[in-house]
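S.K.: Build me a model:
(2 chains)
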Number of protein chains: 2
Amino acid sequence: MKGFRDFYPEEKGKISYIFDIWKKIVEKYGYEEIDMPILENIEIYNKSGSEIPEQIYRFKDKKGREVALRPETTPSIARMIKAKPDLKKPIKWFSISQCYRYERLQKGRNREFFQLNVDYLGSKTMQADAEVIVTLINILKEFKLNEKNFYIKISNRKLMEDMFKECMVKNVKEVSRVLDKKDKLSEGELKKELKKLKLSDLQIKDLFKFFEIKRLEEIEVKSEGLEELKELFSILKKYKVSKYVELDLGVMRGFDYYTGTIFEAFDRKGKFRAIAGGGRYDNLAGVPGVGYAMGDIVLGLFVKNKIPELKSKTEILIIPINTLNECLDIGEKLRKEGLNVEVDLLGRNISKNLDYANKKGIEYVLIIGEDELKKKKVKLKNMENGKEELLSIPSLVKKKLF
Amino acid sequence: MKGFRDFYPEEKGKISYIFDIWKKIVEKYGYEEIDMPILENIEIYNKSGSEIPEQIYRFKDKKGREVALRPETTPSIARMIKAKPDLKKPIKWFSISQCYRYERLQKGRNREFFQLNVDYLGSKTMQADAEVIVTLINILKEFKLNEKNFYIKISNRKLMEDMFKECMVKNVKEVSRVLDKKDKLSEGELKKELKKLKLSDLQIKDLFKFFEIKRLEEIEVKSEGLEELKELFSILKKYKVSKYVELDLGVMRGFDYYTGTIFEAFDRKGKFRAIAGGGRYDNLAGVPGVGYAMGDIVLGLFVKNKIPELKSKTEILIIPINTLNECLDIGEKLRKEGLNVEVDLLGRNISKNLDYANKKGIEYVLIIGEDELKKKKVKLKNMENGKEELLSIPSLVKKKLF
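M.R.: The predicted model follows:
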């Protein structure tokens, strides 16, 4: 089906490479993996006040209940946390879950995608905001990306709201939505849209000036959000990640549920949509929380050339030359030693088998004929450099080249 | 939602333990992981002739197409193989995928379940059938189960059909379906159902006699299926797994697509439904194939007491006593050394932190106060035996207890 991917071994290998990095980094910071149903009652998305409902895959089940294929994971996480009020705080969770959106297909968008979700719940301190941002930075660094390749834009919802108040903007939601599109629209178009929302020229000028601010010291609005940002940047400095983070008051985030810090990761060249995004949401789960989501599609495009060519997990292909029975036995012995071994069961000749090993990226082949068995030696061939060795089975096992 | 599981960290840990064993064993035999869409056009299930369609989660998407949440993975695999006719043979694939069925809820059944699917495609030789059965046996052995706990029932579809021919049974499909229920019905009920299908007393007697056969030598029907069974059992003997396998001509398998070998794994005590089931399907994917599926629900009940208590993946909790800034730094250093480290960001006292570490199953805590920092020593406490040591950070890193 359009917008849905088949993962053949090669594609599955690549996406597993991404998952493994996600998992490795967030587990380094003590986050625990969870998972949630793919089907949820539609209500939990209606409540979240998100813009997603239009894009939901929804249907009625046999009992007439309206259900949805999860378009995101945060509402499920909020539901799970509310269901177990005695969970020890802090709750540090992550999930790698496939999500679904009925979207128009375009570059960087698909109807299914995998999403890493990382959340720190049970704390209002900026320490938590900093930690989740640090995990995000370290994930991108693990893909061998550096400050020349990516950066994190950071803003604060409270500061935004105080700024809107100062500018006397009342229809904050509508205005935010227009401002969220500011990278896609020309300045003229943007002004036009804002005027439609009945903003005066002065208001628009003030807003534009605000968005140009690049340093905390330039902000004149009094706001708890400003204090939070100062603290957050100071903690991030202690983590030595200042070169990856930037104040950007233009960060809007599509969702309405953020209450403090908001942030998004972008490639420096501006070729792609946001790689990840998140923020603090203190009113969603009954406990204060901060977290982010990173999808695999934009990330996959971004790190395309950073994923190494993946070897086969099969370490050795045994090629029996009229010796299948003995080879089954040798295969079992090597597997007991921890090796991943395929035995050719099709009786193909050597050259076809070598071709197969090559195509699969299997590093070693063992050629075993009757002669070799008599001499109790087998021929081990390294497919990468073509080197061959005659070895006894025990010495082969000991070798543990693999 | 009913029938759908939330996986909190503990449950996720347990199911990951199962996934890891599945993956480890099938990769030992050279199977490669794949994945497929969760939504498929409903047609691919209608074609498969399976009994599943009634239980399918189906709905119309916004364009009016009938789509289904995958109830099983084999039809998707057949579709993927047909889409790439130039795939190198043999195709040795496995997948661990969540599947969905709208079933009445009962023990060992859920509306979603994870399923391991293992397939060897591109060969008609019984060597392939034997290999997939061996992976199944080794998976169950890896859960520390042995021949006293489980066994594999093996039969052959061709032999069944030749036997039906010999007994002059014509409505094979209907009769098979009734016979499939023979473990749930009394002999009387079974006979009654068969009589409804117009089988004579003699036919029923012949069928019953046939099902009682326990040894290949007793089979009098001439059949290619018999020859296949003989070869299969002989190969399984070479793999030294004879004690795990039994001839059982009563194996029916719900699906219609099997063409040769069929098999099912059961617990010896007969407490559970089939743990796994599969067989040879030569007409489904355009290439001959053999494989099986194993769900996580029945297996999970069966191995419940075999899953060890899982430690936290977080190896160390750092407890700062007014030293948070320094502790962030120490945390980063230890993470660079490969350790999984949580730093308490909430400023809790020592006893609350120890309680937290205990509850989470974190093995070590590092208590770091100003005194310790001055002396450049930190206190490492082993939460299992209560032992404490004073260590310098470099020697802590070197220790690699973790």
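S.K.: any idea which element residue A:353 lies in?
M.R.: Per DSSP states H and E, residue A:353 falls inside helix A:350-360.
S.K.: for that helix, which positions count as buried?
M.R.: In terms of neighbour count (16 or more other C-beta atoms under 10 Å in any protein chain shown), helix A:350-360 has its buried residues at A:353, A:354, A:356, A:357, A:360. Placement of C-beta: from N, CA and C, glycine included.
S.K.: now check that helix, is it near chain B?
M.R.: Yes - applying C-beta under 8 Å from any C-beta of the partner chain, one finds helix A:350-360 touching chain B at A:356, A:359, A:360.
S.K.: Reformat those residues as TSV; add pLDDT.
M.R.: TSV is the format used below for the residues of helix A:350-360 next to chain B (pLDDT from 0 to 100):
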residue	pLDDT
A:356	95
A:359	92
A:360	93
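S.K.: Looking at those residues, which is nearest residue A:70?
M.R.: residue A:360 (35.2 Å; C-beta to C-beta).
S.K.: Now that closest one: closest residue in space, sequence neighbours ignored.
M.R.: Spatial nearest neighbour of residue A:360, excluding adjacent residues (C-beta to C-beta, 6 or more residues apart in numbering or on different chains): residue A:312 at 4.9 Å.
S.K.: Tell me the helices and strands packed up against the lowest-mean-pLDDT helix or strand in chain A.
M.R.: The helix or strand of chain A with the lowest confidence, counting by mean pLDDT, DSSP states H and E, is helix A:393-399 at a mean of 74. Where contact means 3 or more C-beta pairs under 8 Å, 6 or more residues apart in numbering or on different chains; DSSP states H and E, helix A:393-399 is packed against helix A:324-336, strand A:378-382.
S.K.: Pull out the buried residues from the first one.
M.R.: Judged by neighbour count (16+ other C-beta under 10 Å), helix A:324-336 contains these buried residues: A:324, A:326, A:327, A:328, A:329, A:330, A:331, A:332, A:334, A:335.
S.K.: okay, the angle between it and strand A:378-382?
M.R.: Put simply, helix A:324-336 runs at 60 degrees to strand A:378-382, going by axes from the mean of the first three to the mean of the last three C-alpha atoms, to 10 degrees.
S.K.: Who are the packing partners of the next helix or strand after helix A:324-336?
M.R.: Next in sequence after helix A:324-336, counting helices and strands by DSSP H and E, comes strand A:341-343. Helices and strands touching strand A:341-343, by 3+ C-beta pairs under 8 Å, 6+ apart, are strand A:316-320, helix A:324-336.
S.K.: Paired strands for strand A:341-343, with orientation please.
M.R.: Using DSSP bridges, the strands paired with strand A:341-343 are strand A:316-320 (parallel).
S.K.: tell me the contacts of the closest residue to residue A:29 other than its chain neighbours?
M.R.: Excluding its sequence neighbours, the residue lying closest to residue A:29 (C-beta to C-beta, 6+ apart) is residue A:135, at 5.2 Å. Residue A:135 is in contact with A:25, A:26, A:28, A:29, A:31, A:118, counting by C-beta atoms under 8 Å, 6 or more residues apart in numbering or on different chains.
S.K.: Mark which of those residues are part of helices, please.
M.R.: Taking DSSP state H as the definition of helices, the contacts of residue A:135 contribute A:25, A:26, A:28.
S.K.: overlap between those residues and the residues near chain B?
M.R.: Okay, of these touching chain B (C-beta under 8 Å from any C-beta), that's residue A:28.
S.K.: Among the ones in helices among the contacts of residue A:135, which one sits closest to residue B:271?
M.R.: Nearest to residue B:271 out of the ones in helices among the contacts of residue A:135 is residue A:26 (C-beta to C-beta; 38.7 Å).
S.K.: So the residue nearest to residue A:29, which state does it fall into?
M.R.: Following DSSP: H, G, I helix; E, B strand; the rest coil, residue A:135 is assigned to helix.
S.K.: where's it relative to residue B:180, distance?
M.R.: 51 Å (C-beta to C-beta, to the nearest Å).
S.K.: Give me the domain ranges for chain A.
M.R.: A:9-306, A:316-399 (automatic domain parsing).
S.K.: Now the closest residue to chain B within the stretch 301-402 of chain A: closest residue in space that isn't a chain neighbour?
M.R.: Relative to chain B, the nearest point of the stretch 301-402 of chain A is residue A:342 (2.9 Å; C-beta to the nearest C-beta). Closest residue in space to residue A:342, ignoring its immediate chain neighbours: residue B:30 at 2.9 Å, by C-beta to C-beta, 6+ apart.
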